[in-house]
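*Asks:* My questions concern the predicted model and sequence given below.
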Amino acid sequence: MIDISGLTKHFGGGPVLNNIDLQIADGERVVVIGPSGTGKSTLLRCLNFLDVPQAGRITIGDVTVDAAKAGKADVLALRRRTAMVFQNYALFANKTAKQNIMEALVTVQKRSKAEAGERALAVLAETGLADKADSYPAALSGGQQQRVGIGRAMALEAELMLFDEPTSALDPEWVGEVLDLMRAVAERKQTMLIVTHEMQFAREIADRVIFMDGGKIVENGAPSEIFGSPKDARLQKFLKRVE
Ligand code: ADP
Ligand code: MG
């Protein structure tokens, strides 16, 4: 169970996240949509403290952190319950696909190198990249790099997987294989919070869709409601533009 309440973030100016409340059930897939600059990335980044929120409470599984008084141990505990997939893959250029997946298993999860290596190879097989284990990112296509990025997050077996526009940086030819891998992740009942502009994919994969605008959740409902009968004028306008 994920429970976010009163989450608030500013970077010095006005609020970028304005008192966000959101609950996500175990195994639920929630897709976040909205115009650019509305705080979607910041929401994801506050859940693992890549951005530090000024106020709010975040519960992920058995960990609850109060943003206003979060210490190092709290931040680490929260990070261990999340895994993030970034728009630009964020792979280590000087590490192979296998080493990229091993990294957090060794440094964060304190697994032995042998165990981390086995886990990395198993995950690479699941992502269809078994033959790329020893390839460096520069030798991989964009789609392959992002599949390594997703594999790295899968390997952590985190309570919550965060995806921040995982296909937005890809050439169109690579989008399909990345969405296919995300479908496979979803089939394992992994709890997922996904920011995407792929509306067809959102309709298909989401249990629930959230529309954000101006640092707030404006509308929150089943895909059939959000896409079929949007209520808020801002959502109606947004959908006209992207669909
Ligand atoms: P989205 O992902 O919806 O496009 P973001 O969460 O990236 O939006 O950004 C929301 C707002 O916060 C934007 O106005 C952006 O300029 C601002 N912002 C994001 N990160 C920073 C930062 N590190 N420093 C200052 N402003 C930021
Ligand atoms: Mg963003």
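*Replies:* The structure has been received and is ready for your questions. Ligands and ions are numbered 1, 2, ... in the order given.

*Asks:* Please identify the residues of the protein in proximity to ligand 1?
*Replies:* Taking Cβ under 6 Å from any ligand atom as the criterion, the neighbours of ligand 1 within the chain are Phe11, Val16, Gly34, Ser36, Gly37, Thr38, Gly39, Lys40, Ser41, Thr42. The way it works is simple: take the backbone N, C-alpha and C, and place the C-beta from them, glycine included.

*Asks:* Go again with 5 Å.
*Replies:* Residues of the chain found near ligand 1, taking Cβ under 5 Å from any ligand atom as the criterion, are Phe11, Val16, Ser36, Gly37, Thr38, Gly39, Lys40, Ser41, Thr42.

*Asks:* any chance you could map the strands in the protein?
*Replies:* The residue ranges that make up the strands of the chain, judged by DSSP state E, are 2-10, 15-24, 29-33, 55-60, 63-66, 82-85, 160-164, 191-195, 208-213, 216-221.

*Asks:* in the chain, which residue is closest to the centre?
*Replies:* Centrality entry for the chain: nearest residue to the mean C-alpha point is Leu162, 1.6 Å, by Cα atoms, centre = their mean.

*Asks:* what sits opposite it in the beta ladder?
*Replies:* Taking DSSP bridges, one finds Met84, Leu193 as the beta-bridge partners of Leu162.

*Asks:* For the remainder of this discussion, apply numbering that starts at 17.
*Replies:* With 17 as the first residue, the last one maps to Leu178.

*Asks:* Pick out the most distant pair among the residues of the chain next to ligand 1.
*Replies:* The most widely separated members of those, counting by Cβ to Cβ, are Phe27 and Ser52 (15.7 Å).

*Asks:* and the residue nearest to Thr207 when sequence neighbours are not counted, how many neighbours does it have?
*Replies:* Spatial nearest neighbour of Thr207, excluding adjacent residues (Cβ to Cβ, 6 or more residues apart in numbering): Leu176 at 5.1 Å. Other residues near Leu176 number 23, with proximity taken as other Cβ atoms under 10 Å.

*Asks:* pLDDT score for Leu176?
*Replies:* Leu176 carries a pLDDT value of 98.

*Asks:* any idea how far ligand 1 is from it?
*Replies:* Counting by Cβ to the nearest ligand atom, to the nearest Å, the gap from Leu176 to ligand 1 is 18 Å.

*Asks:* any idea how far Gln160 is from that residue?
*Replies:* 25 Å (Cβ to Cβ, to the nearest Å).

*Asks:* same question, Gly87
*Replies:* According to Cβ to Cβ, Gly87 stands 39 Å off from Gln160.

*Asks:* Show me where the chain dips below the pLDDT cut-off.
*Replies:* Low-confidence regions of the chain, defined here as pLDDT under 70, do not occur.

*Asks:* Just give me the longest helix of it.
*Replies:* Under DSSP state H, the helix in the chain containing the largest number of residues is helix 188-203.

*Asks:* For that helix, give me every contacting residue.
*Replies:* Counting by Cβ atoms under 8 Å, 6 or more residues apart in numbering, the neighbours of helix 188-203 from elsewhere in the structure are 45, 142-144, 157-160, 162-163, 166, 170, 177, 179, 182-183, 186, 208, 210, 214, 217, 221.

*Asks:* Perfect, I'm done here.
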